[in-house]
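Engineer: curious how this folds, go ahead:
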Amino acid sequence: MTKSELIAMYAKARDRKKKDAEADVCFIFDAIREALAEGDKVVLTGFGTFDVRDRAEKRCLNPRTGEPIQLPAGKAPAFKAGRGLKEAVNPKEAKAAKKPAAKKSAKAKGGKKK
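Structural biologist: This next block holds a predicted model:
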């Protein structure tokens, strides 16, 4: 899904003009971008968490020349999916995780049978 498709879907679902829907969607993206730029974490419960992670300095090879180069340390945006998003993507695994564990028999527990 592209940003344009997201805006069109939002406009249709909320019965809004595309221009107004675009302003709303862009506002949300801008708010997330600004929070990350300030080093804040953005938590969307049930969806996931956006945050900024430190990236260490590392040595790499220039792919054209094979010459070693040093990449400086920096920061990178990161996203970690929340449980609701994971369950939406993997519905079978979510159902399996919610099943209660089978009760163990007295014999398996180490107890005596009467």
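Engineer: so which residue is smack in the middle of the protein?
Structural biologist: A81 (2.9 Å; Cα atoms, centre = their mean).
Engineer: that one against G48, yeah?
Structural biologist: Yes. With contact defined as Cβ atoms under 8 Å, A81 reaches G48; the gap is 4.6 Å. C-beta: built from backbone N, CA, C; applies to glycine.
Engineer: read off the pLDDT value for the closest residue in space to V89 that isn't next to it in sequence.
Structural biologist: Computed as Cβ to Cβ, 6 or more residues apart in numbering, the closest residue to V89 that is not its neighbour in sequence is A81, at 7.7 Å. As predicted, A81 sits at a pLDDT of 96.
Engineer: what sits against A81?
Structural biologist: F47, G48, V89 (Cβ atoms under 8 Å, 6 or more residues apart in numbering).
Engineer: give me the residues contacting the longest helix along the chain.
Structural biologist: When the chain is parsed with DSSP state H, its longest helix is helix 18-37. Defining contact as Cβ under 8 Å, 6+ apart, one finds that helix 18-37 is touched by 3, 6-8, 10-11, 14, 16, 41-42, 50-52, 77.
Engineer: now which of these would you call buried?
Structural biologist: Buried by 16 or more other Cβ atoms under 10 Å: I7, Y10, A11, V42, F50, D51, V52, out of these.
Engineer: farthest pair within these?
Structural biologist: Farthest pair in the buried ones among the contacts of helix 18-37 (Cβ to Cβ) is A11 and V52. Separation: 31.1 Å.
Engineer: wait, T45 touches G82, no?
Structural biologist: Yes. With contact defined as Cβ under 8 Å, T45 counts as touching G82 (6.7 Å).
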